[in-house]
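Visitor: Below is the sequence, then the predicted model.
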Amino acid sequence: MEHQMAHSDHDSANKNEVRNVTIILSVLTIVELALGFLMYKSFNDPGFMRSAIKGIIIILMLAKAFYIVSYFMHLGHELRNMIMTIVVPLGLFFWFIIAFLYDGHTYKVSRLTYDKYKAESANVKQPAIEKNEEKRSETGH
């Protein structure tokens, strides 16, 4: 009899935990969708509010990922080292993506602003201009 009561208590605790995780994930998803629709309807031009909403959505997505990994992959009750084997590479992956996006943007901007023909012609014409000025100063013109 005690075994059945303990088993039913364990089942109800698991059901409560599943319900709580489902509610948390649902609320986070609804808030993300609401922010996305707000951003789409209200903030068409790039600016601080649009970037802030995007940042909030990313934070909410990471919170959802944490709950999914914690509960459904059973890492919420694991050792800290086991969790770190997943979190640290994920952080390095985000750094990798951000670094390459920044590097690509810098390359794009420098390519758009650098004109090699203008730079080459400026280097070639400069000595010719100096020679002409020297000739004018010698002849008195």
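Guide: Thanks, I have the structure now.
Visitor: which SSE is V27 in?
Guide: Assigned by DSSP states H and E, V27 falls within helix 2-42.
Visitor: Could you point out the helix or strand that follows that helix?
Guide: By DSSP H and E, the next helix or strand past helix 2-42 is helix 48-67.
Visitor: residues making contact with that following helix?
Guide: Here helix 48-67 makes contact (CB atoms under 8 Å, 6 or more residues apart in numbering) with 21, 24-25, 28-29, 31-32, 35-36, 38-39, 42-43. Every C-beta, even on glycine, is put in place using the N, C-alpha and C of the backbone.
Visitor: Try it again at 10 Å.
Guide: Contacts to helix 48-67, defined as CB atoms under 10 Å, 6 or more residues apart in numbering, come from residues 20-22, 24-25, 27-29, 31-33, 35-36, 38-40, 42-44, 75-76, 83, 87, 90, 94.
Visitor: Now list the buried members of those.
Guide: For those, a neighbour count by 16 or more other CB atoms under 10 Å gives the buried set as 21, 25, 28, 32, 35, 39, 43, 75.
Visitor: chain center to stretch 72-87, what's the gap?
Guide: 23 Å (CA atoms, centre = their mean, to the nearest Å).
Visitor: need the contact list for L38.
Guide: By CB under 10 Å, 6+ apart, the neighbours of L38 are 49, 53.
Visitor: Skipping adjacent residues, who's closest to M39 in space?
Guide: Closest residue to M39 apart from its sequence neighbours, by CB to CB, 6 or more residues apart in numbering: I53 at 4.5 Å.
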